[in-house]
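Trainee: just to be clear, the model below is a prediction. Sequence and coordinates:
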Amino acid sequence: MELLEQARGGSAEALDRLLSRYVHPLRRWAHNRLPYWARNLGDTEDLVQEAVAQTLKQLPRLRIERQGGLHAYLKAAILNRMRTELRNTRRRPQRAELDPELPGSLPSALDLAMTNERRDRYERALARLSQPDREAIIARFEFGFSGSELAAALHKPTADAARMTVTRAVLRLTRILAQAKP
């Protein structure tokens, strides 16, 4: 919190220390968050850099009042940047209007419901899943894809097949979480 206040006050050294503390863990967290079909539009590092840069412009106006608040804000900014990238990816090939059911920029119910500890357990378990299972869970629960969007993203013939893929991935995730009880 002290570094944050110094950075708000214009201290370049404090800002550099904040960046060195947060950028690497955020890159690691964001790695493979985007589905493989959307990655060619921007490297994960670029997304993290853009989100951090935009946040730094807002730093004097941000109200961060608790330990870890900046980290949580930066994660939300990166997720929002990824959602924007996904919307742009979907829009480019079809040149169509955005679906009104796309998730908004507010934190998801998942983000609001999980504590930091539970979120960390979820992240570790998610990392142990196969890439297809990880993409299915992220697309459905973090990006809020509908059944038809899941089918397209997961290359499934129907929305029901995509939902079944997500259900099976969730079962595997649940087993991993059960094995890793604290």
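Mentor: Looks like it came in fine.
Trainee: find the nearest non-adjacent residue to the residue sitting nearest the centre point of the chain, please.
Mentor: Most central in the chain under Cα atoms, centre = their mean is Leu79, positioned 3.7 Å from the mean C-alpha point. Counting by Cβ to Cβ, 6 or more residues apart in numbering, Leu79 lies nearest to Glu142, which is 7.0 Å off, once chain neighbours are set aside. The C-beta positions use only the backbone N, C-alpha and C, and glycine is treated the same way.
Trainee: re the thing from before, check which helix or strand the residue nearest to the centre of the chain maps to.
Mentor: helix 69-94 (DSSP states H and E).
Trainee: buried ones in that helix?
Mentor: Neighbour counts over helix 69-94 (16 or more other Cβ atoms under 10 Å) mark 70-71, 73-83, 85-87, 89-90 as buried.
Trainee: quick check on Leu129: phi, psi?
Mentor: Leu129 adopts backbone torsions of phi -80, psi 160, taken as degrees, to the nearest 10.
Trainee: okay, it: pLDDT?
Mentor: Looking at Leu129, its pLDDT is 94.
Trainee: over to Arg39?
Mentor: If you check Arg39, the pLDDT there is 59.
Trainee: packing partners of the helix holding Leu79?
Mentor: Counting by 3 or more Cβ pairs under 8 Å, 6 or more residues apart in numbering; DSSP states H and E, the packing neighbours recorded for helix 69-94 are helix 12-30, helix 44-58.
Trainee: sounds good, over and out.
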